[in-house]
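Undergrad: What shape does this take:
(chains A, B, C and D)
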2 protein chains.
Amino acid sequence: MKSTRNTTAKTAVLEVFEKSKTALSHTEIQKQLNDVCDRVTIYRILDRLVNDDIIHKISNLDGTVKYAKCNHSHQRVHIHNHAHFSCENCHEITCLETVKPSYIMPHNYKVNEINFTLSGLCPKCLNSNI
Amino acid sequence: MKSTRNTTAKTAVLEVFEKSKTALSHTEIQKQLNDVCDRVTIYRILDRLVNDDIIHKISNLDGTVKYAKCNHSHQRVHIHNHAHFSCENCHEITCLETVKPSYIMPHNYKVNEINFTLSGLCPKCLNSNI
DNA sequence: AATCAATTGCAACATTGTTGCGTTAAATTT
DNA sequence: AAATTTAACGCAACAATGTTGCAATTGATT
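TA: Purely as a prediction, here's the structure:
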């Protein structure tokens, strides 16, 4: 296992995640970084962080890709087999860390990862009379 | 509700879905159609078919978008709240029509749609000693 | 301080999806 | 069966997103 370095760009990206309560797209991260580093560098940092299990990738129903760093302060390893909620109104994606689906698989499948995304209206949008 | 027409292009796209056991991306559909119609037309047909609830859109963990027409011959309405399996080896996406996750949601969320995608190895790839 | 390789910036490219507009062709009406 | 209506199409141009190669930089180690 190779080591990944703590560069200023990587630190800046991690700070953005730390500040955000919702999942972020590459573009959203880029905007918040204003020119700390190149667009390509952000792609590479995100790849690295996913590989290192520090953040995880979420692909939304509409095909957009976002990334999130969940707070598992009490756990050693970043676990991402939980659900995500995608709001149809404000388009925010949040981790539902308490929601874990149960299901029964047919035989002969080897499941390595699951992606459970629900969409609809988040509490914030539900309460502001849509 | 406006009517959507049965054009040759739309019929051709539906035939491709009929023949395929797995979900298909825009590019895969385009290849199978060889120049029956324009690239843009395929996008528009897919949009229409999704709107008409004839096919459904699946976004994979890696961010790729695919479409599938499930066989609910016994049902009147196309239901897509079932699971999908995405093979990490052959990259095929298949509908797991029997797999329906159960879960408990926090309050104040309104769930309209769910996307449950599992990834790993499909039976075909599992048996060919990976 | 020197070394080594991971990381970066830049440029160029590839893929995927969208939009506007004039033309074509289904479906309906006459 | 011809005329009418408008959904659907093709084309061109654009926008967004993601990838790759390579020389220059910089973090970590010796």
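Undergrad: contacting residues for the nearest residue in space to A:Ser102 that is not next to it in sequence?
TA: In space, and not counting its chain neighbours, A:Ser102 is closest to B:Ser102: 5.4 Å by C-beta to C-beta, 6 or more residues apart in numbering or on different chains. Quick note: C-beta positions are derived from backbone N, CA and C, even for glycine. For B:Ser102, the contact set (C-beta atoms under 8 Å, 6 or more residues apart in numbering or on different chains) comprises A:Pro101, A:Ser102, A:Tyr103.
Undergrad: Check the second one and give its pLDDT.
TA: So the one you mean is A:Ser102. A:Ser102 is assigned 92 on the pLDDT scale.
Undergrad: Adjacent strands (with direction) for the longest strand seen in chain A?
TA: The single longest strand within chain A, with elements called by DSSP state E, is strand A:110-121. Strand A:110-121 sits in its sheet next to strand A:83-87 (parallel), strand B:110-121 (antiparallel), going by DSSP bridges.
Undergrad: closest to DNA strand D out of the ones you listed?
TA: strand A:83-87 (15.1 Å; C-beta to the nearest atom of the strand).
Undergrad: Need the contact partners of that closest one.
TA: Contacts for strand A:83-87 (C-beta under 8 Å, 6+ apart): A:23, A:58, A:60-61, A:68, A:92-96, A:99-101, A:116-122, A:124-125, B:103, B:109.
Undergrad: go on, stretch A:10-27?
TA: Contacts of stretch A:10-27 (C-beta under 8 Å, 6+ apart): A:4, A:29, A:32-33, A:36-37, A:42-43, A:45-46, A:48-49, A:54-55, A:58, A:64-69, A:84, A:92-95.
Undergrad: So whichever helix or strand A:Glu18 is part of, near DNA strand D or not?
TA: Assessed by DSSP states H and E, A:Glu18 sits inside helix A:8-19. Yes - interface with DNA strand D: helix A:8-19 contributes A:Thr8 (C-beta under 7 Å from any atom of the strand).
Undergrad: CA atoms only: put that helix into PDB for me.
TA: C-alpha atoms of helix A:8-19 as PDB (Å, rounded to 0.1, in the frame of the first residue of the first chain):
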ATOM      1  CA  THR A   8      -2.300  21.800   0.500                       C
ATOM      2  CA  ALA A   9      -4.900  21.000  -2.100                       C
ATOM      3  CA  LYS A  10      -5.900  17.800  -0.400                       C
ATOM      4  CA  THR A  11      -6.200  19.600   2.900                       C
ATOM      5  CA  ALA A  12      -8.300  22.300   1.400                       C
ATOM      6  CA  VAL A  13     -10.700  19.800  -0.200                       C
ATOM      7  CA  LEU A  14     -11.000  18.000   3.100                       C
ATOM      8  CA  GLU A  15     -11.800  21.300   4.900                       C
ATOM      9  CA  VAL A  16     -14.600  21.900   2.400                       C
ATOM     10  CA  PHE A  17     -16.100  18.400   3.200                       C
ATOM     11  CA  GLU A  18     -15.700  19.100   6.900                       C
ATOM     12  CA  LYS A  19     -17.700  22.300   6.600                       C
END
